[in-house]
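> here is the input, now give the coordinates:
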Amino acid sequence: MTEQEIYTFIGSNIRRWRISKKWTQDELGVKLEMSRPSISNIEAGRHHISLHLLFRLAVILEISPQELISQ
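Numbering: from 1, shown residues only. This next block holds a predicted model:
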């Protein structure tokens, strides 16, 4: 898996979990103090997220970080 494929995969997992919570990108953005376009870029794999952000996302989504990175 290439680096870009990894970010795309993680982004799609973030999107799946966000939708399961019935949150819009705007709502998740407010929780993370980020803009909707930033959330869109993360979900599309265009924005490379840090480990710190990955852990913040897991806490906000009430899941383990492994659930965002595993297949």
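> going forward, measure contacts between C-alpha atoms and count neighbours the same way
OK.
> count of residues packed around residue 40?
Here the neighbour count serves as a burial measure; for residue 40 (other Cα atoms under 10 Å) it reads 17.
> look up how far residue 9 lies from it.
Counting by Cα to Cα, to the nearest Å, the gap between residue 40 and residue 9 amounts to 14 Å.
> also residue 46?
As for residue 46, its distance to residue 9 is 11 Å (criterion: Cα to Cα).
> who's more crowded, these two?
Ranked by neighbour count (other Cα under 10 Å), residue 46 and residue 9 place residue 9 first, with 20 against 15.
> now for that one: which residues touch it?
Residue 9 makes contacts with 45, 69, as judged by Cα atoms under 8 Å, 6 or more residues apart in numbering.
> repeat that for residue 14.
So residue 14 contacts 43, 57, 68 (Cα under 8 Å, 6+ apart).
> restricted to strands, list the residues you listed.
Among those, none falls in strands (DSSP state E).
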